[in-house]
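Sequence first, predicted coordinates after that:
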Amino acid sequence: HLTDKLGRRGHEGAALDELAKLLGLSAPPRIIECYDISHTAGEDVVAGMVVFRDGVPFKGGYKKFAIKSATAGDDCAAMVEVLSRRFDEYEKGEDVGFATLPDLILLDGGKGQVDAVSEFFEKKKVNVPLFGLVKDDKHRTRAIVSKKGEIALKSTRAAYTLAATIQEEVHRFTVGKVMAAKRSTMKHSSLEKIQGIGPSKAKKLLASFGTLAALKNASES
């Protein structure tokens, strides 16, 4: 009956309840945002944000950020930049996707990233619980990390399954965006080798024709 009233299925509800107890939250986190940073050899640095509502992915809330100010390879600074921009958008109130504050924020990263973002939260007076997700040497979710240290996760518990699912999803989404950015960069660079075509014209050509193949097959007119 409670599951129906809250709009949650039994398994997800149990996982959220368990996660709340594990993290010391006052209530189960109905809206969870998770962030990841990814790049290719320091280039095309992208951050991804995924949203889980009542324990299941809400893909309409997913966001991609191109890192602008952080130095390539500095994931801590990149994560601070992303969260700063996220809360700037919340304060502007113009983007519906950023209009609601989450009940919990997770970072796909360790204590360094958690500490850096926590410092920003303190300055900005952001009052949203923040934790990191760390992996073992086989790239499997191992523990949740806070400013105080690590919180162990038992692989048999519902909270572990939920945390691992969120971490895998944010990684999948972010890496996918990096690869898309890399493909776009490669297309632009190949067009810019042609005399008379710069970045702006390359962008317009790709926007008009869609693919390099379509451009190559186009008539002279």
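Arrived safely. Given the structure is predicted, the values throughout are model-derived calculations rather than measurements. Numbers count the residues shown, from 1 in each chain.

All the helices of the protein, residue numbers only.
Ranges of helices within the chain are 2-6, 10-23, 75-92, 111-124, 158-192, 199-209, 212-216, based on DSSP state H.

so for the first one, what's the average pLDDT?
Taken as a whole, helix 2-6 has a mean pLDDT of 61.

got CSV for the helices of the chain, with distance to T100 too?
Backbone N, C-alpha and C define where each C-beta goes, glycine included. Formatted as CSV, those follow (distance: least, C-beta to C-beta, whole Å):
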stretch, distance to T100
helix 2-6, 17
helix 10-23, 17
helix 75-92, 8
helix 111-124, 17
helix 158-192, 18
helix 199-209, 32
helix 212-216, 40
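
Which one of these has the poorest average confidence?
Of all those, helix 2-6 has the smallest average pLDDT, which comes to a mean of 61.

Of all the helices of the chain, which one is nearest S38?
Of all these, it is helix 158-192 that lies closest to S38, at 4.5 Å by C-beta to C-beta.

hmm, back to that, G48: which of the helices of the chain is closest?
In terms of C-beta to C-beta, the element of the helices of the chain nearest to G48 is helix 158-192, at 3.1 Å.

hang on, the earlier thing: Serialize the helices of the chain to TSV and add fields for mean neighbour count and distance to A66.
What follows is those, written out as TSV (neighbours: other C-beta atoms under 10 Å; distance: least, C-beta to C-beta, whole Å):
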stretch	mean neighbour count	distance to A66
helix 2-6	10	37
helix 10-23	18	31
helix 75-92	19	10
helix 111-124	17	19
helix 158-192	18	7
helix 199-209	13	14
helix 212-216	11	22
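
of all those, which lies closest to Y62?
Set against Y62 and scored by C-beta to C-beta, the helices of the chain come closest in helix 158-192, at 6.0 Å.

picking up where we left off before, between the helices of the chain, which one is nearest to Y35?
Proximity to Y35, assessed across the helices of the chain by C-beta to C-beta, is greatest for helix 75-92 (5.9 Å).

Show me which positions of stretch 57-68 end up buried.
57, 61-63, 65, 67 (16 or more other C-beta atoms under 10 Å).

circling back to that earlier point, with respect to C34, which of the helices of the chain lies nearest?
helix 158-192 (4.4 Å).

To V134, which of the helices of the chain lies closest?
When the helices of the chain are compared (using C-beta to C-beta), the closest one is helix 111-124, at 8.2 Å.

Can you name every helix or strand that that closest one contacts?
Judged by 3 or more C-beta pairs under 8 Å, 6 or more residues apart in numbering; DSSP states H and E, helix 111-124 is in contact with helix 75-92, strand 104-107, strand 130-135, strand 141-146.

One more pass at 10 Å, please.
strand 31-40, helix 75-92, strand 104-107, strand 130-135, strand 141-146 (3 or more C-beta pairs under 10 Å, 6 or more residues apart in numbering; DSSP states H and E).

With distance to K203 as extra columns, can I get these in a markdown table?
Formatted as a markdown table, those follow (distance: least, C-beta to C-beta, whole Å):
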| stretch | distance to K203 |
| --- | --- |
| strand 31-40 | 20 |
| helix 75-92 | 23 |
| strand 104-107 | 32 |
| strand 130-135 | 36 |
| strand 141-146 | 39 |
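
do you know which of those lies nearest V114?
strand 130-135 (4.3 Å).

C-alpha coordinates for stretch 128-146, PDB please?
Only the C-alpha atoms of stretch 128-146 are listed here, as PDB (Å, rounded to 0.1, in the frame of the first residue of the first chain):
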ATOM      1  CA  VAL A 128      22.500  18.600  -0.400                       C
ATOM      2  CA  PRO A 129      24.100  15.400   0.900                       C
ATOM      3  CA  LEU A 130      27.300  14.600  -1.100                       C
ATOM      4  CA  PHE A 131      29.100  11.300  -1.400                       C
ATOM      5  CA  GLY A 132      31.500   9.600  -3.800                       C
ATOM      6  CA  LEU A 133      31.500   6.100  -5.400                       C
ATOM      7  CA  VAL A 134      34.800   4.300  -5.600                       C
ATOM      8  CA  LYS A 135      35.700   1.200  -7.600                       C
ATOM      9  CA  ASP A 136      38.100  -1.700  -7.000                       C
ATOM     10  CA  ASP A 137      40.900  -2.700  -9.300                       C
ATOM     11  CA  LYS A 138      38.400  -4.600 -11.400                       C
ATOM     12  CA  HIS A 139      36.300  -1.500 -11.900                       C
ATOM     13  CA  ARG A 140      33.500  -2.700  -9.700                       C
ATOM     14  CA  THR A 141      31.800  -0.500  -7.200                       C
ATOM     15  CA  ARG A 142      33.600  -1.100  -3.900                       C
ATOM     16  CA  ALA A 143      32.500   1.600  -1.400                       C
ATOM     17  CA  ILE A 144      30.900   5.000  -0.800                       C
ATOM     18  CA  VAL A 145      33.200   7.700   0.400                       C
ATOM     19  CA  SER A 146      32.400  10.800   2.400                       C
END
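
Before I go, just wanted to say thanks for your time.
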